[in-house]
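Colleague: 3D, please:
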Amino acid sequence: MYDTTKPYTKQILELIKQTWETPYVSVKKEIIEKKFSHPETSSSDGIGTKGVYHWQQRSFRNAVLDGLGMNLNDLLLLRARPYKLQNHIFVPKEDGGAILEIIKSLSKECKERDIAVTGGETSVHYNMHGLEISMTVDGFIKNPKPNTFVNGDVLIGLKSNGLHSNGFTRVREIFEEEFRSEFIEPTKIYLEEILALDERFDIHGMMHITGGAYTKLKGLLPDTNAIIDFRDLKANDIFYELYERGVSDKEMYKTFNCGIGFVLSTSRKDSEKILSESNNLGLESSIIGEITSGTGSVKIKSMFSKNEVIL
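Modeller: Numbers count the residues shown, from 1 in each chain. Have a look, this model is predicted:
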């Protein structure tokens, strides 16, 4: 029976208090004092259907990293530095141990990243099949600049470490009760490396390849096309297995990241320097395409069949 008094609340408070003093804020009695005056933005996202696998495998730290990755990578599109977070944790049955483990992991990851956990909620939903960790993360922007893909730019793809946190409704349809370790591999977080690159180089545009996959580029292409060539790119094995199980070329690039988790758009003259430095920072990267004049299409030469996909 669900205990509405939530006996673990005191332990949760002690855990999140460890995050309340950072270079950016001080939190005292749940009142937030900022140490900066930059413009701000926010991101809200969760882990979605992938939470079914995290709950089954009790891979709670990876679930936390997924929630953080989805939000921190999205904040990068505005060059935002995250500084505080609120969360809502949904579990399918009463399990105080799981909730405490999630909060412990969240507090640890946020403390390492100077993000204050300023509040949250936990809920038991008996009609759910898995875990959900929904987060709202606030960030500040030191040097605001437009996020644009410029005609003539080169596209640099930063390698993903797998499926990240998108396409799992389709994954469950295909694999049903089968399990792969790739299903709980956490989303790669690009935050520190990309903020460091952006300080040194003129990066015109960025895109986090998540829900909608490469269709997300279309919003940045009013008078241009993105031409992407994946024929020489080697993606993670799980993507080839999805394709072999009947997912079409077009659906692959509308649903999955296909081995690239983040895209940078930059001038051709800066591209080699950015490519070199990104690899020095531990980001496996390569030139995957270019921006040309056009009408907002994304044209992809597929790694799976060598066909061309137009999104």
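Colleague: The protein: strands as residue ranges?
Modeller: Applying DSSP state E to the chain gives strands spanning 25-28, 31-34, 40-45, 81-91, 116-124, 132-140, 154-159, 203-208, 224-229, 260-266, 285-293, 298-301, 308-310.
Colleague: List the neighbouring strands of the second one plus their orientation.
Modeller: So the one you mean is strand 31-34. Sheet pairing of strand 31-34 (DSSP bridges) gives strand 25-28 (antiparallel).
Colleague: Kindly report the same for the fourth one.
Modeller: The pairing partners recorded for strand 81-91 under DSSP bridges are strand 116-124 (parallel), strand 132-140 (antiparallel).
Colleague: Any idea how far it is from the middle of the chain?
Modeller: Centroid separation between strand 81-91 and its chain, computed with Cα atoms, centre = their mean, to the nearest Å, is 14 Å.
Colleague: Likewise for the shortest one?
Modeller: Averaging C-alpha coordinates over strand 308-310 and over its chain gives two centres that are 25 Å apart (Cα atoms, centre = their mean).
Colleague: and it, what does it pack onto?
Modeller: The contact analysis (3 or more Cβ pairs under 8 Å, 6 or more residues apart in numbering; DSSP states H and E) places strand 308-310 against helix 249-255, strand 298-301. Just so you know, the C-beta spots here come from the backbone N, C-alpha and C atoms, and that holds for glycine as well.
Colleague: Take the ones you listed and write them to CSV, including mean pLDDT, distance to residue 195 and mean neighbour count.
Modeller: What follows is these, written out as CSV (pLDDT from 0 to 100; distance: least, Cβ to Cβ, whole Å; neighbours: other Cβ atoms under 10 Å):
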stretch, mean pLDDT, distance to residue 195, mean neighbour count
helix 249-255, 97, 28, 20
strand 298-301, 96, 26, 21
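Colleague: do you know how far the residue positioned nearest the centre of the chain is from residue 287?
Modeller: Most central in the chain under Cα atoms, centre = their mean is residue 70, positioned 2.8 Å from the mean C-alpha point. For residue 70, the distance to residue 287 equals 26 Å [Cβ to Cβ, to the nearest Å].
Colleague: How about residue 311?
Modeller: From residue 311 to residue 287 the distance is 20 Å (Cβ to Cβ).
Colleague: of those two, who's got more company?
Modeller: When residue 311 and residue 287 are compared for neighbours, residue 311 comes out ahead with 19 against 15, by other Cβ atoms under 10 Å.
Colleague: on that earlier part again, the residue nearest to the centre of the chain - nearest residue in space that isn't next to it in sequence?
Modeller: When the adjacent residues along the chain are set aside, residue 70 lies closest to residue 45, with 4.1 Å between them (Cβ to Cβ, 6 or more residues apart in numbering).
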